[in-house]
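Enquirer: Sequence plus the predicted model coming up.
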Amino acid sequence: MSLDTPQAAAASTAPTGGIPTIDLAAALSDSAPAELLATVRAAAEQYGIIQVVNHGVPQELINGFHRSVGRVLDLPYEKKSRLASPTGHPYRGWRQWPDDFGRLELERFSIGQFDTPEDARAAGLTEEQAQLYAHPNVWPEQEPDLRSTAVRYHDAMIGVARQVLTLYARALGVPPDTFPMGDGPEYTHFTVNNYPTWTHPGNGRDAAAGAAPGTPADEDVPDADKLLLLEHADGSVLTVLHQEGDYTGLQGQRPDGGWTPVPIVPGALQVFTGTLLTTWTDGRLHAGRHRVVAGGSMTRRSSAVFVHPSLDTVVAPLDVFTGGEESDYDPVSVWDEAAQRVEEYLQVFGRPEQVAAWREGRPYVAEVTR
């Protein structure tokens, strides 16, 4: 079943202010109301985040992917730990992410765009570019259909990103093909985040549910003290997300620096502007800063496809936005960013044992205290 229904269209009426929910088909139609396009533009310029419904992705594909990957993430620890990257690659397979105290903050299942360098070359990448995929994906034997479902889901999210780029061009009053995604396949990352319950005293635990005496109730703990994913903006052009869970933990940054929740809207996809689109538009479109807050005894899960131009693209401010004048934004080579991604990640976030595993080409599974 797709979301192309009168009910979905009615539910997508954009609110005034905040992060809007946009009927994507209506906004791209020849009869799109001017006020709807104005809402899109305001959200893109001020928040860098919108939600879209009526986006054309079948709901059964969204649900099927999340059911399948959810069964993987719900496996016992001893089975999940065998799904870590055999070469220690931080963006392949399963891994868990402890905080500085060794407590589980989130776990991830990551999927490379291509399974092998041969697959990458067949898609048009150069020999050098194809070596990004020398580290294999990890497909769980418990879910034999996950690979085919994930490929269809990934490709559908790229389709949504293309539609939103067209929508943003329209909202900004520039030609629909303004944003040059390159001649080759878009370069992507694909990650599923699984956020656990967070019942540590003073960090998302309700005192009434058994916390130690004097421990603040969950609602009394500031959000900044119970972050499961720190605030950041993505380095993509656009990131297409799907969130599900028992509470609204995803938050977007407001223009005044505060934070606002991104509600869980049935059937909706969340689209974040990345820093590359900010560069293309010479700062016109805001990179959507976001974070995830714990929900105590409740859980949440999200999938994200980070969409970049093809690897041979150099992203620089476009003349249509600069008027030919010099810009404060420096050009960005998509290939250079991709080639350095793992090393830069490990430099900033890698623990010594993780770096050692990567250097030695062996699996890494972080230890947590629970």
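Expert: Sure thing, it's come through.
Enquirer: contacting residues around residue 243?
Expert: Neighbour list for residue 243: 250, 262, 264, 270, 300, 301, 302 [criterion: CB atoms under 8 Å, 6 or more residues apart in numbering]. Every C-beta, even on glycine, is put in place using the N, C-alpha and C of the backbone.
Enquirer: Out of those residues, which is nearest to residue 333?
Expert: Using CB to CB, the shortest approach to residue 333 within the contacts of residue 243 belongs to residue 270, at 27.6 Å.
Enquirer: Reduced to three states, what does that closest one come out as?
Expert: Under the three-state scheme (DSSP: H, G, I helix; E, B strand; the rest coil), the conformation of residue 270 reads as strand.
Enquirer: give me phi/psi at the closest residue in space to it that isn't next to it in sequence?
Expert: For residue 270, ignoring the flanking residues on the chain, the nearest one in space by CB to CB, 6 or more residues apart in numbering is residue 241 at 4.2 Å. Reported as degrees, to the nearest 10, the phi and psi values for residue 241 are phi -120, psi 150.
Enquirer: which SS state does the residue nearest to residue 124 when sequence neighbours are not counted fall under?
Expert: Nearest residue to residue 124 in three dimensions, chain neighbours excluded: residue 184, at 4.7 Å (CB to CB, 6+ apart). Applying three-state DSSP to residue 184 yields a three-state assignment of coil.
Enquirer: separation between residue 184 and residue 260?
Expert: From residue 184 over to residue 260 the distance is 37 Å, taken as CB to CB, to the nearest Å.
Enquirer: likewise residue 285?
Expert: Summarising the geometry, the distance separating residue 285 from residue 260, computed by CB to CB, is 18 Å.
Enquirer: Residue 94 too?
Expert: Here the criterion is CB to CB. By it, residue 94 lies 32 Å from residue 260.
Enquirer: quick one, which of the two is more surrounded?
Expert: Between residue 94 and residue 260, residue 94 has the larger neighbour count (other CB atoms under 10 Å), namely 24 against 15.
Enquirer: Are we agreed that that one is in a helix?
Expert: No. With three-state DSSP as the criterion, residue 94 is located in strand rather than a helix.
Enquirer: returning to that earlier point: quick one: which of the contacts of residue 243 is nearest residue 194?
Expert: Each of those was scored against residue 194 by CB to CB, and residue 301 proved nearest at 5.2 Å.
Enquirer: tell me the contacts of the closest one?
Expert: Applying CB under 8 Å, 6+ apart as the definition, the contact partners of residue 301 turn out to be 66, 70, 73, 192, 193, 194, 195, 243, 244, 245.
Enquirer: Now do the same for it: helix, strand or coil?
Expert: Classification of residue 301 into helix, strand or coil gives strand, according to three-state DSSP.
Enquirer: cool, the one 5 residues further on as well?
Expert: Classification of residue 306 into helix, strand or coil gives strand, according to three-state DSSP.
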